[in-house]
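A.B. asks: Fold the stuff below for me.
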Amino acid sequence: MNSNNYFILTIDTFAIDTIERYPNLAKNKIPFINTEVNSNEIRILKAITKQVFHQTKITENIHLITYMKQQQLLETINFLQAEGITNPEIGIVLGTGLGKLVNEISIEKEIPYSNIPNFPVATVEFHSGKLIYGELSGKKVLVMAGRFHLYEGYNAWEVTYGIRTLHGLGIKNLLISNAAGAINLSYKKGDLMLIEDHINLQGSSPLAFKGANAFGNIFADMLEPYSKEINTKMLTVAKKQNIQLHTGIYTSVLGPQLETRAEYRMLQIFETDAVGMSTVPEVIVAKQLNLPCAAISVLTDECDPKNLQPVDIAEIIAIAGKAEPKMIALFKGVIEML
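C.D. replies: Take a look at the predicted model:
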């Protein structure tokens, strides 16, 4: 085999999984030559033609994993644009029990995640799993009605795939919501908290993968993970509408189990105000993409290690539902100002 005509690339576990899950993508985008496959691994990807490298402007030292991720993302974006999602201004991610915002939208397009090429599928029963495009408060919005979590078995790339897709479609600002437990004992269930900073205890970063620099600076500056400008607008809207809005630090853990008394004590020592299982990966990716974002936690339970009560998931969902109108009012007010 002439080295002038072919490059030898190695392939890691993710790329193996990608090829197995998306055989048409691999088949259509990359001409495989003499690829040996068994049930456990793809041993060697032997060759990619110079023509493919030339057409896609991929240099010799870029891993196949990067190329395939770029192609997946491009395929997703092209599909959604062809479906009529062409000029979204604001992206919104709706958390557990917080799906009623979609009732306020003049919907132009609604697409189940399962119909979108390469898009993960929400497996949590409280997440509807739809991408919704329309108008809210005079702006074009693109809403993820349901998110993805590491505890569902997705990796960090998949958990944040929606954020990269929204950015690729053109959003200029990102609003995120979640349901969280109150670590700050002066905050009560049913309250809202505007996130000012966060602590990542999920044990991973969505920027830690081979070829991540192809999607932006992996050394994203986290001095201001949440936009001060959007947060100021959020507080202004809250004051104008007489909505109590706490501010604080959010800690994201892996889950899906809830925390022990000892873990709640640890979080109190960390001076965190709320704990949940999402949001942080999405915000990290937003920072890599230079995408201004803000996030609100709906506090659904009180995490007092000295007076801990069994948690009823149905009650958490119910509390989120009762607090949701306040969150909707805040989002609508801020969208008008963006």
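
A.B. asks: alpha carbons only for contacts and neighbour counts from here, please
C.D. replies: Noted.

A.B. asks: So, low pLDDT: which residues of this protein?
C.D. replies: Counting by pLDDT under 70, the chain shows low-confidence ranges at 1-63, 125-127.

A.B. asks: can you rerun that using 90?
C.D. replies: Flagging of the chain using pLDDT under 90 yields the residue ranges 1-68, 95-100, 122-128, 209-211, 309-318, 320-321.

A.B. asks: Which parts of it are strands?
C.D. replies: In the chain, the segments counted as strands under DSSP state E are 90-94, 106-112, 130-136, 139-145, 173-182, 192-201, 245-253, 274-276, 293-302.

A.B. asks: Let me see the residues that make contact with the shortest one.
C.D. replies: Outside strand 274-276, the residues within contact range by C-alpha atoms under 8 Å, 6 or more residues apart in numbering are 178-184, 248-253, 297, 299.

A.B. asks: quick one: strands adjacent to that strand?
C.D. replies: Within its sheet, and counting by DSSP bridges, strand 274-276 is paired with strand 173-182 (antiparallel), strand 245-253 (parallel).

A.B. asks: okay if I get those as CSV plus mean neighbour count and distance to Tyr151?
C.D. replies: Shown next, in CSV, are the strands paired with strand 274-276 (neighbours: other C-alpha atoms under 10 Å; distance: least, C-alpha to C-alpha, whole Å):
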stretch, mean neighbour count, distance to Tyr151
strand 173-182, 25, 15
strand 245-253, 22, 10
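
A.B. asks: Which one, of those strands, ends up nearest to Asn231?
C.D. replies: Nearest of the strands paired with strand 274-276 to Asn231, taken as C-alpha to C-alpha: strand 245-253 at 9.5 Å.

A.B. asks: now the angle from the closest one to strand 293-302?
C.D. replies: Relative orientation of strand 245-253 and strand 293-302, computed by axes from the mean of the first three to the mean of the last three C-alpha atoms, to 10 degrees: 80 degrees.

A.B. asks: mind checking how far strand 245-253 is from the chain centre?
C.D. replies: Distance of strand 245-253 from the chain centroid (C-alpha atoms, centre = their mean, to the nearest Å) equals 17 Å.

A.B. asks: what about the closest residue to Gly211 other than its chain neighbours, neighbour count?
C.D. replies: Excluding the flanking residues, the one nearest Gly211 by C-alpha to C-alpha, 6 or more residues apart in numbering is Thr66, at 5.2 Å. Counted with other C-alpha atoms under 10 Å, residues neighbouring Thr66 total 19.

A.B. asks: is it true that Thr66 touches Ala214?
C.D. replies: Yes - with contacts counted by C-alpha atoms under 8 Å, Thr66 reaches Ala214, the gap being 7.4 Å.

A.B. asks: residue boundaries of the helices in the chain?
C.D. replies: 13-21, 23-29, 50-56, 64-82, 156-159, 161-169, 228-240, 261-269, 280-288, 313-337 (DSSP state H).

A.B. asks: related to what we said a few turns ago, take the strands of the chain and lay them out in TSV including distance to Ala238.
C.D. replies: Converted to TSV, the strands of the chain look like this (distance: least, C-alpha to C-alpha, whole Å):
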stretch	distance to Ala238
strand 90-94	18
strand 106-112	24
strand 130-136	18
strand 139-145	20
strand 173-182	15
strand 192-201	10
strand 245-253	6
strand 274-276	19
strand 293-302	12
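
A.B. asks: who wins for proximity to Leu166 among those?
C.D. replies: Short answer: strand 90-94, nearest of those by C-alpha to C-alpha, at 6.5 Å.

A.B. asks: Need the residues that contact that closest one.
C.D. replies: Outside strand 90-94, the residues touching it (C-alpha under 8 Å, 6+ apart) are 139-147, 166, 171-178, 335.

A.B. asks: and what of stretch 216-234?
C.D. replies: Contacts with stretch 216-234, where a contact means C-alpha under 8 Å, 6+ apart, come from 194-197, 207-208, 212, 283-284, 287-289, 292-295, 330-331, 333-334, 337-338.

A.B. asks: I'd like the distance between Glu75 and Gly168.
C.D. replies: 11 Å (C-alpha to C-alpha, to the nearest Å).

A.B. asks: now do Gln268
C.D. replies: In terms of C-alpha to C-alpha, Gln268 sits 38 Å off from Gly168.

A.B. asks: thinking again about what came up before, would you mind saying which of the strands paired with strand 274-276 lies nearest Ile313?
C.D. replies: Going by C-alpha to C-alpha, the one of the strands paired with strand 274-276 nearest Ile313 is strand 173-182, 11.3 Å.
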